[in-house]
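1. after the sequence you'll find the predicted model.
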Amino acid sequence: MKPVHNYSETNLKAQGVQLIPITTPLGEFKVWTKRTGHNPNAKVLILHGGPGATHELYEAFDDWFPEAGIEYYYYDQLGSYFSDQPEEKSLWELNRFVDEVEQVRNALKLDSSNFFLYGQSWGGLLAMEYALKYQQHLKGLIISNMMSSVPEYTRYNREVLAKQLPLEVMEELFSIEEKKDFSNPRYMQLLMKYHYPQHVLRKPPEEWPDSVNRTFEHLNENVYVPMQGQSEFGVTRGAKLEFWDRSAELHKIHVPVLTIGAAFDTMDPEHMRRMAAQFPKGTHLHCPHGSHLALYDDPRTYFEGMIQFINGVSALK
């Protein structure tokens, strides 16, 4: 197992970092969290994407939340770069991740008077699962760039987004996928040229922020592949999340919910708009210039809308 990075206790406290012990069926591990700011009424726990990515992808929050006076927590889930990285594949189960989030909430002393759960992409899926089990602890829920159905997400990618590619590019990418030849460098070359700058982050790859590049560098494929698979056009057949779908249960979540979608997202923006209407207290934020990482390519719409939601819910008694 890769250990947690070697921090001294003094440095941990000075940086707002807390290493939280997590109990799992295979014993105890530690996960990394970092607090910024202080607000007794609005504390946001950030669930990163992946699975197996890192909090680094969300460093854009530092440009917006401190000025807005919102307290927020970066958090690397178990298996991610700054946390323990056990190799046992049995740990990469959705229910265990949900219980992990609940243990983190307890350790950080977050409760229904102040606790906002934010999740982007896989983090949004995890946030929905958490809310369905533990919504009594939530003040608000933010689901960013995530649909409520993986089969619908896969269908949208393969039947809509893939067909926007030049025909020869789509055929070559799908040929590589059919052969399961994902180590072929041509696969990533084509994605970086034709797909990612359109639907992941709408900037030339050479202009991507360092925080995004570090996240890709630190992605733990030992977590990502069993749960998501290796295809960039939906969840791979046989992956653990292949059939995940909570669309019929969104009405059970009664806390205020904000869904965030983007015009050029890898997730269907209309699906995310419909999701908001399924929550009893749902609101939708659309980023007209954004993609899957709208926090970087449509940041003003993204953060001003999210801050308005948090402030509005924080004012509720």
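-> Done, it's in. Numbering: from 1, shown residues only.
2. apart from its neighbours in sequence, what residue is nearest T154?
-> Ranked by Cβ to Cβ, 6 or more residues apart in numbering and with sequence neighbours excluded, the top spatial neighbour of T154 is G234, at 2.8 Å. In this view, the C-beta of every residue, glycine as well, is placed from N, C-alpha and C.
3. neighbours around that neighbour, how many?
-> 24 (other Cβ atoms under 10 Å).
4. that one: what secondary structure?
-> Following DSSP: H, G, I helix; E, B strand; the rest coil, the label given to G234 is coil.
5. pretty sure it sits against E159.
-> No - applying Cβ atoms under 8 Å, one finds G234 not in contact with E159, separated by 9.7 Å.
6. circling back: contacting residues around the residue nearest to T154?
-> G234 is in contact with V150, Y153, T154, R155, N157, R158, counting by Cβ atoms under 8 Å, 6 or more residues apart in numbering.
7. around the first one, count how many other residues there are.
-> Counted by other Cβ under 10 Å, the residues lying close to V150 total 20.
8. now it. Nearest residue, chain neighbours left out?
-> W244 (4.4 Å).
9. do the same with G123
-> Using Cβ to Cβ, 6+ apart and skipping the chain neighbours, the partner closest in space to G123 is L47 (3.3 Å).
10. how near is that neighbour to E67?
-> 23 Å (Cβ to Cβ, to the nearest Å).
11. the host helix or strand of Y72 pairs with which strands, parallel or anti?
-> Using DSSP states H and E, Y72 sits in strand 71-76. Sheet neighbours of strand 71-76, with direction, are listed as strand 27-36 (antiparallel), strand 43-47 (parallel) (DSSP bridges).
12. re earlier: so which of L47 and E67 has more stuff around it?
-> Higher neighbour count among L47 and E67: L47, with 27 against 11, using other Cβ under 10 Å.
13. ok, that one to D245 distance?
-> Taking Cβ to Cβ, one finds L47 at 19 Å from D245.
14. what residue, apart from its backbone neighbours, is nearest Y73 spatially?
-> L45 (4.8 Å).
15. show me the contacts for the one you found.
-> Neighbouring residues of L45 by Cβ under 8 Å, 6+ apart: Y72, Y73, Y75, V101, V104, R105, L108, L110, F115, F116, L117, Y118.
16. farthest pair within those residues?
-> Greatest spatial distance in the contacts of L45: Y72 and V101, 15.2 Å, computed using Cβ to Cβ.
17. show me where the stretch 1-150 of the chain has its strands.
-> With DSSP state E, counting those that start in this stretch, the ranges of strands along the stretch 1-150 of the chain come out as 17-24, 27-36, 43-47, 71-76, 115-120, 140-144.
18. and the angle for the fourth one with strand 17-24?
-> Here strand 71-76 points in a direction 60 degrees away from that of strand 17-24 (axes from the mean of the first three to the mean of the last three Cα atoms, to 10 degrees).
19. buried ones in strand 71-76?
-> E71, Y72, Y73, Y74, Y75, D76 (16 or more other Cβ atoms under 10 Å).
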